[in-house]
Every structure is written in C-alpha cells, then in structure tokens.
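**Q** here is a sequence together with a model predicted from it:
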Amino acid sequence: MRLYEFEAKKLFRRYKIPVLEGVIIDRNSLNELEKVTYPVVVKAQTFLGGRGKAGFIQFASDKKEANKAICSILGKSHGPFVIEKVLVEKRIDIEKEVYIAATIDRLEHKPLFMLSKRGGMEIEAITKHDPEELLKYYFNPDDIMPGFKARIMAADLGFTGNGLGLVAGIIFETYRLFQGFDCKLVEINPLALGKDKNIYALDAKVDLDEDAMFRHPELKEMGITARHEVGELTQREQTAKAAGIPYVDLDGNIGVFPGGAGFGIAAIDLITHYQGKPANFMDSGGAPTQEKLRAMLGLLIDNPKVKTIFGARFGGISRCDDWAKALVQYVKENKPKKPMIMRMAGNMEKQGRKILEQAKRDYPELFKDIKVYAVDTPIEDVIKETIRIEKELDTE
Amino acid sequence: MRLYEFEAKKLFRRYKIPVLEGVIIDRNSLNELEKVTYPVVVKAQTFLGGRGKAGFIQFASDKKEANKAICSILGKSHGPFVIEKVLVEKRIDIEKEVYIAATIDRLEHKPLFMLSKRGGMEIEAITKHDPEELLKYYFNPDDIMPGFKARIMAADLGFTGNGLGLVAGIIFETYRLFQGFDCKLVEINPLALGKDKNIYALDAKVDLDEDAMFRHPELKEMGITARHEVGELTQREQTAKAAGIPYVDLDGNIGVFPGGAGFGIAAIDLITHYQGKPANFMDSGGAPTQEKLRAMLGLLIDNPKVKTIFGARFGGISRCDDWAKALVQYVKENKPKKPMIMRMAGNMEKQGRKILEQAKRDYPELFKDIKVYAVDTPIEDVIKETIRIEKELDTE
Amino acid sequence: MAIIIDKDTKTIVQGITGKNASLHTKFMLEYGTKIVGGVTPGKGGQVVEKIEVYDTVHQCLEVHPDVAVSSIWVPPRFAKDAILEAVDAGIKTIIVITECIPIHDMLYARLKAKEKDIVVIGGNTPGVISPGKALVGMLPKITFKPGRIGTVARSGAVTYYLANSLNLAGFGESTSVGLGGDPILGANYEDILRLFENDPETDAVVMAGEIGGVYEELAAPFIEHMSKPVIAFITGKTAPQGKRLGHAGAIIEGNMGTAHSKIEALKKHGAILAETLSEIPILVKKALEGENKGKKA
Amino acid sequence: MAIIIDKDTKTIVQGITGKNASLHTKFMLEYGTKIVGGVTPGKGGQVVEKIEVYDTVHQCLEVHPDVAVSSIWVPPRFAKDAILEAVDAGIKTIIVITECIPIHDMLYARLKAKEKDIVVIGGNTPGVISPGKALVGMLPKITFKPGRIGTVARSGAVTYYLANSLNLAGFGESTSVGLGGDPILGANYEDILRLFENDPETDAVVMAGEIGGVYEELAAPFIEHMSKPVIAFITGKTAPQGKRLGHAGAIIEGNMGTAHSKIEALKKHGAILAETLSEIPILVKKALEGENKGKKA
C-alpha cells in the first residue's frame, strides 16, 4: 500500500526522522497557506515518481506565487492519477543530497539497506548507468540494525563530525520504521544536508505490506487508510472495490468470470490469443462467498459493453457447489439475457453439477443460453466457443 | 534491584499478566480497607521469601479480621527488614498451583525459563529433593520467545483447552517483561488456576538489573525507585548511601579505607586473619572524585568506634594524585586525631607522593600520625602495623 | 518414490479444526494421503475425520515421530508461528496453504527453515499432488492423473489447467507442485526443477509462470543444466504493467518481472515456450520424441 | 609469545577521546603497547596522544588491517554496540574496560563474539599486562615485573596486590589478566587457565577469586587436567552472605557462590589454597620446587 508523501512523513515524525514543516492543501483548504513562511516548495501528492520533471514540484517566494503554483497543480492528471492535494513545505538551502532506502531484495530474500552518495535527481542516472555506485547492506529478517552499522553507513555516505551521528540516527530509525510498520519500501530521496548543517528527509516514499495491516491499527488513527493505487477508478471499478473484488475494466466485450488471479491473467491472454476481446480482469480470491460470486456476475451483466460471459471454476479451496449455487441464485433473481459459456471442475463438482441440472430442469427458459462444460472439455475450447458466440451476436 | 510484590504487580499489569484486585495499605492508609471485598489475603511487603511460614501472609473473611491481621503484621521485622506495607488482595479458590520463572543462567550465560507442575509451597521441596522435576528452556539472548514455545511450555505444565492459551499468553508476556525491563528474575509462584477457571499470578518476584535502569525512566513514573535491599540501614549507612558510597557497618574498630570492592573484601579477610577487627566494608568505585574520597574518610573519622584507619590505594583507573589531594584536603580541613596507616602505589604515584611530602612539610603536626607506605612495603605489613597501633591505643 | 510426497509419507495438518482444513483433510484422506495427526492449540483431544488433534506439533510427534510433511492451514497472522513450530519440531517439508502471510513474517520463517535444510512450499500454495499416491493441499483430484510429467506453477488454477491439458492429451503427472501465490515463497522454481531432474519417475517438466516477481528469471539458468526438457508457459502478456514506487525496486530487480523478461530468460536458457495451454502437450510430445532428453528412467 | 598481548600486538582504543581513555592511552604508549588507532564516532580526524582517531572501527581497520586487540572504554550504555562493532570487524581479542554493562547487553555481545571465536575479556576489567612487553587497560605498570607466573583475578586491586606480593618475593609475571568485576564476563577462569597451560613462558598460575558468582567453581575441574601448579586465593570468607530472591537462583546455582564453596571446589580439583597474599609466593615456590609440574619451558 503506497503512501502519499505527506502520509509517509507522518510516519517519519513518529520515528523522529527530521522533515520540514509543511501544510497539506486541497481545494477546500487554501487558507492553510496563511501558516507558511516563505520561500516554500509546492509538491503535488501522487503515487508516481518524476514529479519534478512533470512540473509538479514548484517553488514560490511569496503567497501570490504559492497560490499560482497550487492552482497550476491541483486537478491536473499525473499518469492515471488526478492530483487532489499539494504539500507546501519550507524551502531550505541545500549543501548535499544523498539517497537512502530500506527495502526487500526478493532475489536474496533479505531486507536490504541501500545508499548512494549522489541523491536527488541523479539517482535515476546512477540506477541506469552506475549501479555499482549504490552501496548495499543486507540484513537477516527480524535482526535489529546495530548502531555501529548505521554509523558505518553514515560514514560510507561521506558524513563526519556532527553529521555522522545525525545521519546514523536517521538510518537507524528508517530501518526501525521499515520493520516496525511492515514496509516493503522506505525511500528517502533526497536526504539533504542543509546549509544550516541540519539533516532533512526532503521526500518520503513508503510502501506498506497490505497483508500486515492487521498489525497496525495505529495507521487508521493517523488517518492513513487503504487506497486504490492504480489511478482513477471507473464507476464499475469503484463498485467492485466496495464489494472487495479486485477488478479492472478492459476494452473488450467478453466478460471474464474466472477463479483466482492466476487464471484471471491467463484467461485474458488466451482470449486475446484467440482473437477475442476481454472486457475485464477479475479475481475471486480463495474460497469466495456466494454473495461475492453473485456480485462478480453482476459486474459483468450490468456492463453494457459485455455481450457474452466466459466463466471458469476449478474447485480447489473454492467449492464447485458454492459456485453453482451462486450462479443459479443470480440467474433466478436477475434473469440475465447474456449467453454464458462456462466450465466447472474440481472439488465438490458432483454436488455442483446436480444443482445446475436441477435448475435447468426447473427453469429451462432462464438457463437456455447458459452452458457449463465439465473437466473433459479443454478450457481453450470453452474460450473459443465463447468467442464464436460473441462474434455471432456481433454480426446479428 | 528487588521489587516489592505490589511493585512487581504494577509491571505485571502493564504486560496484562493477570493479578488479583488489591490495595496497598500502610499505617496511614488503613481506610483503604473500605475498598476491598471479602474474603481477602493480607500479605506483608518484604524482600524475603518464606512469608507464609513466618506468619506474614494471613487470611481474613471480614473487615475486623483484616484489621487484626494488618495490625499484627505492620511494624514487625522480617529478617533485617521492618514491614511498612501490606498488600490486601481478594482471596480466590484455587484448583491448581504451578511455578514459572524467567531468569539468567550464569553457568550457561543464557536466559532460561523454568517451570514446575507443582508450585506454591511445594517448590522448596522440589528445589531440594526433586530438581529434575523442574523443566528448563534455554533461549539465546535477545531472541524473542516464539508463540509456539510458550504453548509447548503451557502444555508441559499440564494445561489444555482454554487454559492452554491463557497460560501460554502469560508465559509469553512474562518473558517479554523479563527482556523489556532488563530483569534478572521474574518469578511467579504460584501461578494459579482458580476454581473460576481463570489464571492468576498470585505472587510476583521481580529483580531488575541496576545497571540497566537508565533505559527505564518509566519505572520512576510508576513510583518504582532505587532502594537499599539489605535491611534497615544504620545512620552511617544512610549517610554513605546519600553520598553514593557502598558502605556496611561491621563490628570492629579498624576503619577500612580501600580502593574498589574487590580489595575491600580482601582487606576485611586479611585484617580478620591477623586478629584485627574491621569496622566497615566500603567501596570507592572506579575513579572516585576527591569529594567522594573525602566523604569516605569522613565516615570513618566520625565513627567513634573507629580507633585507627587502614587505607590502601592502588592507582589503576583511580589516580594516586587525586587520592593524595583528597587526603591532604580532608586532613587540613578536619584535623583528625586518629592514626592512619596507609599505602599508595600505582598510576600517578610520583605526583601523589609529591603532594603528600609537601603537606607533611607544611603541616608536620597534622600529619604526624599519618603514614603512607609505598609499593615496596607488602600490604600485609601495613595491615599488621595498623593492628599493632590499634592494640597499643587499646592498652593505653 | 515421487518427489515431496508419496503414498507412505506421513503428514500432519496444522490448523486442522478450521473449516477449510477439516474439509480438505477429508478429501486428502479419501485420496489416500497418510495423515496421522492434526494440531490446533487448545483443541487437543478432539477428533477431526477420525484424526486425533493435538495442542502442539511436538505432542503429535511424540506419538508419531516419523512425520515427514506438515501442511499449514492457520489464519495468516498465525502462519509464521505455525511454520516455526514445524521447523522447531524438525519436520522436513512444510506445505503452507495459508495465503496473505505478511512479507516480513515469511522472510523470517523461510530463513529459519533454510538454516535447518527444511523445504517450505508456499504460502498460498494449492498444494502438492503425486497422482494416485498422495495429495497434500486442496488441489482437485479429478484434474490429475498418474504419469511421468512433472508440473510446477505459482497459481492454483493454472496448476489445474496445466494438468487438465496434459491429461486430455493422454499424459499424466508424476507430481504437480503449486509454488504459491504469495509475494515471498519458500521453495522456488529452481528447487522444484532440481527435484524433478533427479526424479527417475519424471521424463519432462512443465512450468507455468506469470507476470510479477523474479522467480522465473532466477530459475532460468538452471534449465541449461537439466537433462530433461522443460516446457514453459508464461501468462500476463496482455496485462498492463504497473509502475514501481521509488527507485529501489529497479535497482535490485532491473527489468525483471514482466512476461516478456520471463519469456526471454527462459528461452535463452533452453526452455521450450508454449503460447497456449493446448500447445503444452504437443510440445511435450515433440520434446520427448524429438530429442533424447529425459529417457533415463 | 605472551598470551593475549605481546610487544608486537597491534591494538586500538574504542572511546579514545574520553578522559580516562586518553590518559591511559598515554600510559599504554609509554609502556610500549602498539596502539595504532582510536575510535570515537563523530570525532574522526582528531588526534589523541599522536594516535589518529577514526569514526568507525572499520575505517581504522582499512588503514591498519592487522589489529589484533581492541580495548573498550565507552560509557556503559554504548558498550554492547562497541563490542559488536569490534566483533563485526573481526578483531580477535576485545578487552572491555567499561564497567556496569547491562546484563542482557553483555549476554548478547559475548554470544556474538563466541560465535566468531573471539575472546572478550571483561567488562569492568582492569586490563591485561605482559610485563615488559605490553599493557592494555589501566593496570599500574609499577606493580608488575617480567617473570614466569601467570595471574588471573576478577578484581582490579586484587590483581595488583597479587603481582605486588609475587614481585616482593622475587617472582615476576608472564601475563596478568583481570577478568573483570561485572556480573557477566566474557572470558572466565578456565579460558585463561587454558591459555597459561599452553604458554611455554608460564610455569605456574595464581588465581584469585571472590565471593559471588560461579566462575571459580566452574573452572575448578579444569585444574585437574593441568600440568602446571595453580595457587588459589579466595576472598570474602568473612563477608556476610546475602539472601537470594525467589527460588530460581538456588535451582540453577545450588550452593555455589560462597567463599567456602569456591575454596572446596578448588581444593577438590587440585588447586593449592593460599590464606593470605604473603603466603602466595611461598606456595608458588614450594609448588615449583617440590613437584615436577610446570618445568616444560
């Protein structure tokens, strides 16, 4: 779960990682500008990097300029995101900028602390051209960072004297934050030495582990709650999110009603491969409730772009009988008109098939365009059949 | 630093280790009895074990009995301690009592958790006769206790069902307290299963590491402060304590003004060996200030029992010149009449000897009974000389 | 001897009293898996599907000292501790069904297991099946048939479709392994490829990968050293690519993590790439006939 | 080659800019100890007694890779970290002058050192001296003379008086080791006895112990296996015995910890007990003449 800069800095304050004074401003709180002392930096709050290049970090030496900067940023799009807030911070004179980050190396399966003597805008060039300039320090999971290691790192960044202790302290606390809040990433770029000889975390990037949020109720107290990170949501995506269903609108007309995320991705590939056009990505999660399954179907039926529905249930931890019950219940209640070409196999398949057969007998009219193949039909034949039917409808 | 039961239970509450409701009562707060519901247990607050046998744990089924019990306990002596407070706790019906303790095994240099299925009064018999009944679980220092280990221990104590989880939780938290507050010992005897199926820590013994107190300012907030644990102090011992000097009054007449604790102990042995009678134990600590050295001398000079003073300074981290300066300053200011037989050797000895010689020249009268031998006189000759002079004075 | 589990492998179920775990305990027993005990703290003494429940793994092992595999079904917040308990008890293979285990928890648990040479599969694995012999997890038995092809995949459903596709073409599986869908996994592709390479009952391996993570790329170089053909199927070619936050990811993982990077790495090191599920058995057949690989057994 | 430190042993001083450390750096240099660097974080680049100060041990070791001994003089709350820093840098002997180190800190630091076979002496040690060769710590040089008797004691002053008593009788010391006065120590008597036993420059060992703790009792059995005589001096015979809190101490340590228990254990395993300091050289002389022990060198 990615945090906005201003949220990440709330966590920094908790760990006494020094950040600049600042106020957070949106369309309704422009009066907050009264509180700042100039010069300031106005920074768009967004989940993407490259804000500087995109013009979303601006300087202002008085209120008029600040107002202008804010108005030129709020409401703009940064990639898929609409910028709703800016962070207005005191501007300081900088003597030196470095890069520090705590993250997880998935190649080594270890926590990793990284440093670069050259931070700020230069980090991109270093990443691309001089990766050997990046210093890496591995840790064992759960190991606390010893104070001396933090000092070694601060020294490796070129700090001496008073700055050595300050930066070692920041490195130590950054790692404590990384561990303490189950972070996937804590990145400070730049960590700056001001002309005033103080050290400041000028930017803050924090990515939290969604699966560990149960351990951190204090985030909610801090006003930091779950969010969707892939840009502005369509109406349908918002509905799906509210129902707890990972769902992405795509551009096609075949509704995809898969099982887990893994086959959801495969299904889209395969539909595309056979010249069909998937209308969506969706993930049922493990062992979805009947309620969730019905909500999933509703998302497809209610989408006017969707002409046919491809469905697949391979019962593992999810059960075929639950799936069949949900399907029957949905069809009985909503009487959908769209053809559904599906396949059901796996655990509790026999029970599921009984439910479907009973429903077909009871409501032959409602189920006439619903086919549910079994394990002996290759899934790709079901996909091809769906595409064929969709093409027929298309040419009607 | 040993805690009283009621203090230890404050720490238990912090870690959600279940204790009974109770009030702490001294001579001035007998009205606190209004708050309790009967029957109750009245327990003397003291640093020693064996309270039950000594009659310092009494039961009361109403206020009258409670009052009587309290009055029979307050003001009594338990070993060297005068009982100033009692803890009055609700009395419960007990189904089973076990013993648990987290401590440090100095033989193995490891933290150790111990269990006994038989707790309460029986632990003494087990310690003496069936030590193999005690179960031991070693940990690496700094390792957190895994939840499953706590459950294994709870199961080893014979708990099942709901009790298993409760006791595992208590074991887990006991170890967290042990680590979190730098404890030398956390002992719960008995940990009791009540007839109400709840689990309670009926007693609480906690011993903190004095050298780690700087890490735990919260103790002060909880009203837990440093204390003298070896019984009632003499007036002089209280004076010494206020000056930060480890000091114990003994029964003799030779004042001992040694360096560190190690030689302090040796000096008492040696004086005793040569048929002298030491008047005290004392420890200067490493590198004492001149102020402290003067205070140490004052304790001996002001003691009417002390006839002669044996002194020894082997300058290591303590410096001979500091020692000599303190001696000269003290003598100049206080003009003591008691003979001082001393020896000074070690670091900065030359400088120290110069100071002493100058003082002898300037104040021959004041220093006439003060001898300060050098490294070439065996320390035992100095001791024997002190004893000889003391005996002379004695026969005068 | 099939890899990981065979018909005589004694296994236990941690979290057996949970709804899913007890249902799948029934399925596993029906399939013939030798489940000798279950563990749920505080529920020792209960019985689930005629299997005795213990309070701790250690208590269970006192009665059944030769347990070789444990499967973990506990809620995610207890998964780390359950894995550590099995590691502490010295169980040599731990199959973690639990999904959404916190990353830092899993990093720690897998390290402790590695230190004792214990194999951890998952989290979020559908399980492992050696068809006709034993099944640990929640894989639907109907999908798998005995045979001589090993399969390994991250996603549960993809595992099922792989086998289904092989079966419809007349092949069967020696063992099918689900690596799991969690971001941090115990065993990775290379670990399982190595087992199949040394397994006399396996002639060829089908591996399925998907967008995200680095496990496919990391395994690719090992394929060069294998005597048996590896047919690979990578999904996510049409999925939109997410953007990384910050620079750390790019520094560590470079350009890994896309379907393209995975396909390129696998091709480069000698894997045979399949475009569709139905193409897989065709390529397996070709590889086994055309080349002289995998004919040891 | 003397044990632990010799005239060519390169050493560093952690916490060198402190008042005591800088004074004793001067004394050590005067004695001939090869101090090649000092460490105080944030004070790198300063100079103390012509010795360069570094910010970290690692920076110092980049310039002086052959450092064999570090002495630690930092305040107690930083001692754990300073020891770990020296351990991490791979320095083979760490002499901890700092006193009153928290027990849990020292337990952890000594374990980390043990894992890498690093010798930790102290905390609260007066140091180690190989008379005429080198001195690390704050032992007063005047007390020690070159010779062939090894000494080991917990207390600083007792260490000085032991040597003083030996010197006045014409003996000298091969090396004198202060184990330290803190409740948890790195090296214990047995570790040092073992070094002396294998040291061709040592003929006999004098060990002094005192009331409290268990180190003397633990070392006693080793004395039986030594070829050299061990003369022991135990103090605290007349000290009042404290009472333990709770039962844990008695369970673990039994009746250890009194002067009596130490004397009994040492006698039982062949140590020669001295009643007074002046008796020590007499017993050493007797042992060396009377028996044929310790004549190897």
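**A** Yes, it's here.

**Q** distance of the closest residue to chain A within chain C from C:Ile129?
**A** Nearest residue of chain C to chain A: C:Ser155, at 2.0 Å (CB to the nearest CB). In this view, the C-beta of every residue, glycine as well, is placed from N, C-alpha and C. Here the criterion is CB to CB, to the nearest Å. By it, C:Ser155 lies 15 Å from C:Ile129.

**Q** contacts only, for the residue nearest to A:Pro378 when sequence neighbours are not counted.
**A** Using CB to CB, 6 or more residues apart in numbering or on different chains and skipping residues adjacent in sequence, the residue nearest A:Pro378 is C:Leu168, 5.4 Å away. Listed by CB atoms under 8 Å, 6 or more residues apart in numbering or on different chains, the contact partners of C:Leu168 are A:376, A:378, C:281.

**Q** so the first one, which of the three states?
**A** Spelled out, it's A:Asp376. coil (DSSP: H, G, I helix; E, B strand; the rest coil).

**Q** need the phi and psi values for it.
**A** When read as degrees, to the nearest 10, the backbone of A:Asp376 gives phi -80, psi 0.

**Q** then A:Gly259?
**A** phi -90, psi -120.

**Q** what about it, how many residues nearby?
**A** 30 (other CB atoms under 10 Å in any protein chain shown).

**Q** so it sits right up against A:Ile317, yeah?
**A** No - contact criterion CB atoms under 8 Å: A:Gly259 and A:Ile317 do not qualify, at 9.8 Å.

**Q** between those two, which contacts overlap?
**A** In contact with both A:Gly259 and A:Ile317: C:Gly156, using CB under 8 Å, 6+ apart.

**Q** all helices of the stretch 101-250 of chain C, in order?
**A** Along the stretch 101-250 of chain C, counting by DSSP state H, counting those that start in this stretch, helices occupy C:103-115, C:156-168, C:189-197, C:215-223, C:248-253.

**Q** try chain A
**A** A:5-14, A:63-73, A:122-129, A:147-156, A:161-180, A:218-221, A:235-242, A:261-273, A:290-301, A:320-334, A:349-362, A:379-395 (DSSP state H).

**Q** just put those in CSV and tack on mean neighbour count and mean pLDDT.
**A** Formatted as CSV, the helices of chain A follow (neighbours: other CB atoms under 10 Å in any protein chain shown; pLDDT from 0 to 100):
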stretch, mean neighbour count, mean pLDDT
helix A:5-14, 20, 97
helix A:63-73, 17, 94
helix A:122-129, 16, 85
helix A:147-156, 24, 98
helix A:161-180, 20, 97
helix A:218-221, 12, 93
helix A:235-242, 15, 87
helix A:261-273, 24, 90
helix A:290-301, 20, 92
helix A:320-334, 20, 93
helix A:349-362, 16, 94
helix A:379-395, 18, 92
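
**Q** got JSON lines for those helices, with distance to B:Tyr330 too?
**A** As requested, those are exported to JSON lines (distance: least, CB to CB, whole Å):
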{"stretch": "helix A:5-14", "distance to B:Tyr330": "53"}
{"stretch": "helix A:63-73", "distance to B:Tyr330": "70"}
{"stretch": "helix A:122-129", "distance to B:Tyr330": "66"}
{"stretch": "helix A:147-156", "distance to B:Tyr330": "42"}
{"stretch": "helix A:161-180", "distance to B:Tyr330": "41"}
{"stretch": "helix A:218-221", "distance to B:Tyr330": "58"}
{"stretch": "helix A:235-242", "distance to B:Tyr330": "81"}
{"stretch": "helix A:261-273", "distance to B:Tyr330": "83"}
{"stretch": "helix A:290-301", "distance to B:Tyr330": "86"}
{"stretch": "helix A:320-334", "distance to B:Tyr330": "91"}
{"stretch": "helix A:349-362", "distance to B:Tyr330": "97"}
{"stretch": "helix A:379-395", "distance to B:Tyr330": "98"}
